[in-house]
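Fold the following and give me the result.
(one chain, ligands or ions: 2)
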Amino acid sequence: MSDSLQSLRARLDGVDSRVIEALAERQQLVSEIASLKNDPNLPLHDAQRERELLSRLSALARDHGLDSYFVETIYRKILNHSVRFQAEHQTPARRNGTTRVAYQGVDACYSQIAARSFFAPFSTSTSLHGYRSFAAAIDALVRGDAEVAFLPIENSLTGSINETYDLLRTANLHIVGEEVLRIEHCLLAIDPVPLGMIRRISSHPQALAQCNSFIESLEECRKEIADDTAKAAMEVAESGDLSRGAIASEEAATRYGLQVIKRNVSQQKDNYTRFVAIAREFRQTDHRLPHKTSLLLTTKHEKGALARCLDALARHDVSLTKLESRPSAEQPWQYLFYIDHEGGTHEPQVGQALAEVKEYAEDLRVLGSYPRSGSAVTESFLIPPATGREDVQPKSNGAARPPAAEESAYRLTSRAQRTSDSTIKINGVEIGGDAPFALMAGPCSVESRDQIMACARAVHEAGGKLLRGGCFKPRTSTYDFQGLGFEGLTLLHEAAHAYGLAVVTEVLHPADVDAVARECDMLQIGARNMQNFALLKTVGKARLPVLLKRGLMASIAEWLAAAEYIMAEGNKRVILCERGIRTFETATRNTLDLSSIPVVRERTHLPVIVDPSHAAGRREWVAPLVRAARAVGAHGVMIEIHPEPEKALSDGRQSLDLESFKALSREIAA
Ligand code: PEP
Ligand code: MN
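Ligands and ions are numbered 1, 2, ... in the order given. Below you'll find the model as predicted:
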């Protein structure tokens, strides 16, 4: 190497050190400014000053023979960083320790690059951890192994990343920030070989799709799928095969020692991916930064329902930046809408608009209200969980929340998932929320055509719409009557049909679920099966509502976690039923835990009814318990009745005769 080259390089090193020193000095000044701006009423970001600065610097750059666009680009990055830095340095309560961030992929994948950029102002207090899949990253967050999950949510060329949306929907999580990353796909290989030598190109399917035209233009070149772009680069590097290429970032080339054969190989030069930072809890954000809000909306099954919701936003001048529909997993042909709009929930017009949308919507969930990632200045940053303030997040009537570990076992079931009560419609009757107190009745067991017909008629005359009847009985003694099985189900179905009633019946075995579901309108899971997880999963796949009875020895948390098994399989139509638990008391068959009703109503949005018959074990005590159930906020009752209780093949002692039932139903109706 010639002397002059060496000395020029040494001088260059000197210049670079001075650039870093200048940046450090700049940061020092920024932090002094930050302490002056500690007044939350002062803006963090002065757009006017920024524009002046950029134009002054562009002119200066030109005077020095530099490209002004190049200098402006660098300065935008410096300014972004300084806004985030100020925000972070004003944070009242600094995170103690490190924030762990979970992303999907290996080193140098786009998610990691985006996360690094997002967390740049807190680089010393964050650690990034790659996971195998999106679900694994979310799982780490839910388990508490990470404080933030960082996932891609949409790409400007290929659209939404449904998996992220689905994970956001099912887990009770919050979007707390976003980052938009410009994606520059490069073709990487082991050596700088001519393009014609590349025979196999691997990458993530999305990246392959984005570079399809380029790959197709190469002769005899195969596409291969990898978990993520950086993994593809890693595998190519490990293979030592000169004919293999990977589509990935330039960072991946550096990280895995590969050469960039060709830059910018995607169809469109403008290729952006938007990432979101997801946290378990709602985070306080700096309201001086421009915000964005993400919503999950379920519209009512009515004409013009979506239009009314959108109109409410428009009337309050809230502009949409995204509207996307996804099919609901719960009900065929029902749709959920993902909406992003400008403005945060702290802004009055947004608050008013959302209050109106709520009126028209079946359900509205704020997925997050967070500083937006702008094209000029990326103000996204994180502030640790707020103490006290929760903005418009669902409230639990101000009551104490259950422990996090317990609550994470029932995310979909949790009250935090939905602000409004869910209601379930069966045979035209709505159960739950503010719907009228529901009445279900019928015999413990279906015993004969005459018996079930008489009961059906009584239910009908009482104004009830739901007929219960057991055909598969979970009896303590194997020598006791086990139910008439499918024969009983046919009788039950016939009787219900004759009187325009819907059928609720217990199913005992996963293998019977489909067949039982064909002849009833709601599947009952009995107390003894509340934790029969295989059965719960099977009814979770059924397209019928499920009545989930509380286990004899189950805590409320276990009961809700059991409901979650059904919900997690996609069946969101679950009604809970309190039927008494085992205590030291032997005077009653079980102890009716009426206190569970207000607790359950606070912790979940699901409807909850009471079965006073199995709790009391004696017909005399049924009516007072019905009154009590209603008083504590149950959404309805399920009562055992029999035309000749003393002759019943099961639970006669607790069954009301038809006359007493009629009297009780009149009282309920009044
Ligand atoms: C029933 O409803 O007939 C029944 C068996 O109830 P549980 O599962 O609550 O005992
Ligand atoms: Mn019974």
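
Burial check on the residue in the stretch 151-300 of the chain that ligand 2 sits nearest to, number of neighbours?
For the stretch 151-300 of the chain and ligand 2, the shortest gap (CB to the ion) falls at Thr170, measuring 34.6 Å. Every C-beta, even on glycine, is put in place using the N, C-alpha and C of the backbone. For Thr170, the neighbour count with other CB atoms under 10 Å is 17.

what are the ranges of the strands in the stretch 551-670 of the chain?
With DSSP state E, counting those that start in this stretch as the criterion, the stretch 551-670 of the chain has strands at 574-578, 608-610, 636-640.

Can you check my assumption that Val366 lies in a strand?
Yes - under DSSP: H, G, I helix; E, B strand; the rest coil, Val366 falls within a strand.

I'd like the strands of the stretch 551-670 of the chain laid out as TSV, including mean pLDDT, mean neighbour count and distance to ligand 2.
Below are those laid out as TSV (pLDDT from 0 to 100; neighbours: other CB atoms under 10 Å; distance: least, CB to the ion, whole Å):
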stretch	mean pLDDT	mean neighbour count	distance to ligand 2
strand 574-578	98	27	12
strand 608-610	98	27	14
strand 636-640	98	26	6
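
Quick one, which of these gets closest to Thr298.
Proximity to Thr298 (CB to CB) singles out strand 574-578 among the strands of the stretch 551-670 of the chain, at 16.4 Å.

So which bits of the chain are right by ligand 2?
Within the chain, the residues that sit near ligand 2 (CB under 5 Å from the ion) are Cys444, Asp651.

can you tell me the helix or strand for the most centrally placed residue in the chain?
Nearest to the geometric centre of the chain sits Arg169, at 2.6 Å (CA atoms, centre = their mean). Assigning secondary structure by DSSP states H and E places Arg169 in helix 162-170.

Pull out the buried residues from that helix.
Glu163, Thr164, Tyr165, Leu167, Leu168, Arg169, Thr170 (16 or more other CB atoms under 10 Å).

now swap in stretch 427-439 and tell me
Buried residues in stretch 427-439 (16+ other CB under 10 Å): Val429, Ile431, Gly432, Ala435, Ala438, Leu439.

and Ala47, how many residues sit next to it?
Applying other CB under 10 Å, we find 11 residues neighbouring Ala47.

Same question for Lys358.
Neighbour tally, Lys358, other CB under 10 Å: 16.

Make sure Thr98 is actually in contact with Ser127.
Yes - shown here, Thr98 and Ser127 form a contact pair, counting by CB atoms under 8 Å, at 5.2 Å.

Just the pLDDT for Phe275.
With respect to pLDDT, Phe275 scores 96.

again but with Ala305, I slipped
85.

Any figure for the gap between it and Asn427?
According to CB to CB, to the nearest Å, Ala305 and Asn427 sit 23 Å apart.

on that earlier part again, most widely separated two among the buried residues of stretch 427-439?
The largest separation in those, counting by CB to CB, is between Gly432 and Leu439 at 14.2 Å.

which stretches of the stretch 351-500 of the chain form strands?
Remark: strands assigned in the stretch 351-500 of the chain by DSSP E, counting those that start in this stretch are 361-371, 424-426, 429-431, 438-442, 466-468.

now the angle from the fourth one to strand 574-578?
Just to be clear, that refers to strand 438-442. Orientation note: strand 438-442 sits at an angle of 70 degrees relative to strand 574-578 (axes from the mean of the first three to the mean of the last three CA atoms, to 10 degrees).

and the stretch 401-550 of the chain, which residues reach ligand 1?
Neighbours of ligand 1 within the stretch 401-550 of the chain, by CB under 6 Å from any ligand atom: Cys444, Gly470, Pro474, Gly526, Ala527, Arg528, Lys549.

which of these has the most neighbours?
Going by other CB under 10 Å, Gly470 tops these with 30 neighbours.

you'd agree that residue is up against Val504?
No - the pair Gly470 / Val504 is not scored as a contact, 9.9 Å apart, by CB under 8 Å.

For the stretch 551-670 of the chain, which residues are neighbours of ligand 1?
Arg579, Asp611, His614.

which residues touch stretch 123-142?
94-95, 97-107, 109, 111-112, 115-116, 119, 146-151, 163-164, 167, 171, 173, 227, 278-280, 408, 411 (CB atoms under 8 Å, 6 or more residues apart in numbering).

what about Leu188, distance to ligand 1?
Relative to ligand 1, Leu188 is positioned 62 Å away (CB to the nearest ligand atom, to the nearest Å).

correct me, but that residue touches Arg263?
No - using CB under 8 Å, Leu188 is not in contact with Arg263; the gap is 10.2 Å.

what about those two, which has more around it?
Using other CB under 10 Å as the criterion, Leu188 and Arg263 rank with Leu188 on top: 29 against 10.

which residues touch that one?
Contacts for Leu188 (CB under 8 Å, 6+ apart) come out as 233, 236, 245-248, 252-253, 256, 258-261.

Just to be sure, it is in a helix?
No - counting by three-state DSSP, Leu188 is not found in a helix; it is strand.

so which residue of the stretch 551-670 of the chain comes closest to ligand 1?
Proximity of the stretch 551-670 of the chain to ligand 1 (CB to the nearest ligand atom) peaks at Arg579, 3.9 Å away.

what residues are up against that residue?
Applying CB under 8 Å, 6+ apart, we find Arg579 in contact with Ala527, Lys549, Arg550, Asn590, Leu592, Val610, Asp611, His614, Ala615.

Can you flag the buried ones in the contacts of stretch 123-142?
Using 16+ other CB under 10 Å as the burial test, the contacts of stretch 123-142 include 95, 99-107, 109, 111-112, 115-116, 119, 146-151, 163-164, 167, 171, 173, 227, 278-280, 408, 411 as buried.

residue ranges for the helices of the stretch 251-400 of the chain, please.
With helices called from DSSP state H, counting those that start in this stretch, the stretch 251-400 of the chain shows them at 305-315, 348-360.

Equivalent analysis for the stretch 1-150 of the chain, please.
Ranges of helices within the stretch 1-150 of the chain are 3-36, 47-63, 68-90, 110-118, 134-143, based on DSSP H, counting those that start in this stretch.

could you dump those to a markdown table with distance to ligand 1 and mean pLDDT?
A markdown table is the format used below for those (distance: least, CB to the nearest ligand atom, whole Å; pLDDT from 0 to 100):
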| stretch | distance to ligand 1 | mean pLDDT |
| --- | --- | --- |
| helix 3-36 | 62 | 88 |
| helix 47-63 | 64 | 88 |
| helix 68-90 | 55 | 80 |
| helix 110-118 | 47 | 93 |
| helix 134-143 | 31 | 89 |
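
of all those, which lies closest to Leu208?
helix 110-118 (14.0 Å).

coming back round to it: which of the strands of the stretch 351-500 of the chain is buried the deepest?
Per residue and on average, the most neighbours among the strands of the stretch 351-500 of the chain fall to strand 466-468, with a mean of 29 (mean count of other CB atoms under 10 Å).

which residues are in contact with that one?
Contacts with strand 466-468, where a contact means CB under 8 Å, 6+ apart, come from 426-427, 429, 438-443, 455-456, 459, 492, 495-496, 499, 501-505, 521-522, 524, 638, 640.

Of all the residues in the protein, which one is nearest ligand 2?
Counting by CB to the ion, the chain gets nearest ligand 2 through Cys444, at 3.3 Å.

quick one, what contacts that residue?
Contacts of Cys444 by CB under 8 Å, 6+ apart are Gly470, Lys473, Ser613, Glu640, His642, Ala648, Ser650, Asp651, Gly652, Gln654, Ser655.

closest to Leu354 among those residues?
Nearest to Leu354, judged by CB to CB, of the contacts of Cys444 is Ser613 at 43.3 Å.

what pairs with the residue lying closest to that closest one once chain neighbours are set aside across the strands?
Leaving aside its sequence neighbours, Ser613 sits nearest to Glu640 (CB to CB, 6 or more residues apart in numbering; 4.0 Å). Legend: beta-bridge partners of Glu640 under DSSP bridges are Gly442.
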